[in-house]
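In: Okay, here's the prediction I keep looking at, along with the sequence it came from:
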Amino acid sequence: MILLLAAMGFMYSFSTSNVGDPWVVPAKYKSMANPLKGDKASIAEGKALYIKHCKSCHGKEGLGDGPKAAQLKTKCGDFTADLGPQTDGALFYKLTEGRDDMPSFKKKIPADEDRWSIVNYLRTLK
């Protein structure tokens, strides 16, 4: 009986993950265009904000391996692999609203323009 319970627990640990449910992004955000050009100034501003607010979880290179990532319940996304199919509006929504371990940045980064600059910077990560 104990072996059976141990085996079931072991199997359960492989059947669950800490990735989290897929984001549900409202349609208006999916189709929202970034009002900022991805120019050097916007990317530099986005990078500075990323380093200040995002790097501790998402890591210096956006790999999801920041020093706080291991403490989170859900896995941080790898920005070098996961951004391609996402629209700028979807990324802006995620930055703005947050969920689970991902905080909302509406108050910490109140200017929409600054959050759009982070989106522009994220697009440079490879």
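Out: Good, I have the coordinates. Residues are numbered from 1 along each chain as shown.

In: Torsion angles phi and psi at the residue sitting nearest the centre point of the chain?
Out: Geometric centre of the chain, nearest residue: Gly77, 5.3 Å, by CA atoms, centre = their mean. The phi/psi pair for Gly77 (degrees, to the nearest 10) reads phi -70, psi 150.

In: Find the residue closest to it in space, skipping its chain neighbours.
Out: Closest residue to Gly77 apart from its sequence neighbours, by CB to CB, 6 or more residues apart in numbering: Gly64 at 5.6 Å. The C-beta positions use only the backbone N, C-alpha and C, and glycine is treated the same way.

In: Let me see the contact set for that neighbour.
Out: Counting by CB atoms under 8 Å, 6 or more residues apart in numbering, Gly64 makes contact with Cys57, His58, Lys75, Cys76, Gly77, Asp78, Phe79.

In: Could you tell me which of those residues belong to helices?
Out: Mapping the contacts of Gly64 onto helices (DSSP state H) picks out Cys57, His58, Phe79.

In: Just put the residues you listed in a markdown table and tack on pLDDT.
Out: As requested, the ones in helices among the contacts of Gly64 are exported to a markdown table (pLDDT from 0 to 100):
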| residue | pLDDT |
| --- | --- |
| Cys57 | 96 |
| His58 | 96 |
| Phe79 | 89 |
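
In: Of those residues, select the buried ones using a ChimeraX command.
Out: The buried residues among the ones in helices among the contacts of Gly64 can be selected in ChimeraX (16 or more other CB atoms under 10 Å) with this line:
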select :57,58,79
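
In: Closest to Lys108 out of the ones in helices among the contacts of Gly64?
Out: Lys108 lies nearest to Cys57 out of these, by CB to CB, at 13.4 Å.

In: shouldn't the closest one be in contact with Leu72?
Out: Yes. Between Cys57 and Leu72 a contact is recorded at 6.6 Å, counting by CB atoms under 8 Å.
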